[in-house]
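Student: give the three-dimensional model of this entry:
(one chain, ligands or ions: 1)
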Amino acid sequence: MTPEEFRTAGRDLVDWIADYWERIEDFPVRSQVEPGWVTSQLPTHAPEAGEGFDAVLQDLTDVVLPGVTHWQHPGFHAYFNSGGSAPSVLGELAAAGLGVQGMLWITSPAATEVETVVLDWLARLLGLPEAFLSTSTGGGVIQDSASSATLVAILAARERATQGRGNADGLPSLNRPLTVYTSAHAHSSVEKGVRAAGLGSASIRFVPVDEAFAMRPEALREMVEADVAAGAIPTIVVANVGTTSSTAIDPVAAIADVCEEFDVWLHVDAALAGSAAVLPELRWILEGSDRADSFVMNPHKWLLVNMDCSAFWVRDRMALTSALSIDPE
Ligand SMILES: *Cc1c(COP(=O)(O)O)cnc(C)c1O
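Tutor: Residues are numbered from 1 along each chain as shown. I've put the predicted structure just below:
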């Protein structure tokens, strides 16, 4: 495709998307196809010769659209919102057009600096404390998902709790279990992160909740004390500001008291509801989160950004880089 052909095809695709948005309410919210229907419409082998872009658009209409569950439909009320918007689609297009791999500052200074500045803006918009800003000890970084952010928080906490031995010698060398605490209503990504970090599901303590489905801090304290007495190393508490099932808010300040007393990393999972703190009258939901070591919220849920954009901040960026950075030749 030449740049000239791209101009034409690109305009056609933008038109196709705008047409879709204009008539999205005409579709059933949930895809009506039987399992395997989309597969049955596709050839088993990739075509030898390319097709014109018109044929590709026709396939989008005839094969893909029937197999789409319409997350942006006004009648979609499952899971959580898909925060897409026209400006965010254009942003994605611009990023794809530049084809940048932003792994280091030098691989594209604008990628690093725009990300850093915008995450500072977003931190201020949410009323996060000064320590989370790049101009202080911390900073923000975009992750593909809250699941990844929580995994990264667990890895940073693991390295802090083991003074770096987890990475250097492996966890078995410690001869002491590392324990993790979260509410019984936490998102499944917490357990998945614990598994991926090599701590094992048996290291998780699901702390009981009260009648509002919020973590009971006195139960957390008892569990931490019992683990310390048994020789374990309490490593991280994942507190929720808005659980996925009921938007329950854990008492983060009381949880932070326990974390500070026992030197445990506090990660706040505000993936779902964190966006609400943009509103001054709802900022109270982040009470206590200013004492967290790390914090995640998902612009791709309520902030009009399409999947995938998860915003992750840490209070001490050295804790993150020392846990995760390797400088290859
Ligand atoms: C949606 C959600 C997650 C996972 O978010 P992804 O970005 O899909 O990984 C984690 N925690 C809570 C509370 C959520 O609502």
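
Student: output the top strand by length along the chain as CSV, restricted to C-alpha atoms.
Tutor: The residue-count maximum for a strand in the chain (DSSP state E) belongs to strand 233-240. This file holds the C-alpha atoms of strand 233-240, laid out as CSV (Å, rounded to 0.1, in the frame of the first residue of the first chain):
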residue,chain,number,x,y,z
ILE,A,233,7.2,-12.2,55.5
PRO,A,234,4.0,-10.2,54.9
THR,A,235,4.8,-8.6,51.5
ILE,A,236,1.9,-6.7,50.0
VAL,A,237,-1.7,-5.7,50.8
VAL,A,238,-3.9,-5.0,47.8
ALA,A,239,-6.7,-2.7,48.9
ASN,A,240,-9.7,-1.9,46.6
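
Student: what average pLDDT does it get?
Tutor: Strand 233-240 shows a mean pLDDT of 98.

Student: adjust the sequence numbering to begin at 574 for everything that follows.
Tutor: Noted, 574 is the first residue going forward, which turns the last one into strand 806-813.

Student: which other helices and strands contact it?
Tutor: helix 719-734, strand 751-756, helix 790-802, helix 825-835, strand 838-842 (3 or more Cβ pairs under 8 Å, 6 or more residues apart in numbering; DSSP states H and E). Backbone N, C-alpha and C define where each C-beta goes, glycine included.

Student: distance from the chain centre to that strand, please.
Tutor: Counting by Cα atoms, centre = their mean, to the nearest Å, strand 806-813 is centred 17 Å from the centre of its parent chain.

Student: pull up the pairing partners for it, direction included.
Tutor: As defined by DSSP bridges, the strand partners of strand 806-813 come to strand 751-756 (parallel), strand 838-842 (parallel).

Student: closest one to the ligand among those strands?
Tutor: The ligand lies closest, by Cβ to the nearest ligand atom, to one member of the strands paired with strand 806-813: strand 838-842, at 4.8 Å.

Student: thinking again about what came up before, any idea which of the strands paired with strand 806-813 is most buried?
Tutor: strand 838-842 (a mean of 28; mean count of other Cβ atoms under 10 Å).

Student: the very next helix or strand once past that strand pairs with which strands?
Tutor: Toward the C-terminus, strand 838-842 is succeeded by strand 867-870 as the next helix or strand (DSSP states H and E). Note on strand 867-870: by DSSP bridges, its sheet partners are strand 838-842 (parallel), strand 883-887 (antiparallel).

Student: mind giving me CSV with these and columns for mean pLDDT and distance to the ligand?
Tutor: Output for those, formatted as CSV (pLDDT from 0 to 100; distance: least, Cβ to the nearest ligand atom, whole Å):
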stretch, mean pLDDT, distance to the ligand
strand 838-842, 98, 5
strand 883-887, 98, 5
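
Student: spatially central residue in the protein, please.
Tutor: A719 (1.8 Å; Cα atoms, centre = their mean).

Student: domains of this protein?
Tutor: Annotated domains of the chain cover 576-651, 678-897 [automatic domain parsing].

Student: winner for burial among the ones you listed?
Tutor: Counting by mean count of other Cβ under 10 Å, the most buried of the domains of the chain turns out to be domain 678-897, with a mean of 19.

Student: quick one: contacts of the helix or strand encompassing V587?
Tutor: Per DSSP H and E: V587 is located in helix 576-595. For helix 576-595, contacts defined as Cβ atoms under 8 Å, 6 or more residues apart in numbering pick out 574, 626-627, 630, 633-634, 638, 645, 659, 662.

Student: what parts of this structure come near the ligand?
Tutor: 653, 718-720, 760, 762, 813, 816-817, 842, 844-845, 871, 883 (Cβ under 6 Å from any ligand atom).

Student: let's see 8 Å
Tutor: Residues of the chain lying close to the ligand (Cβ under 8 Å from any ligand atom) are 652-653, 717-723, 759-760, 762-763, 813, 815-817, 842-846, 869, 871, 873-874, 880-881, 883.
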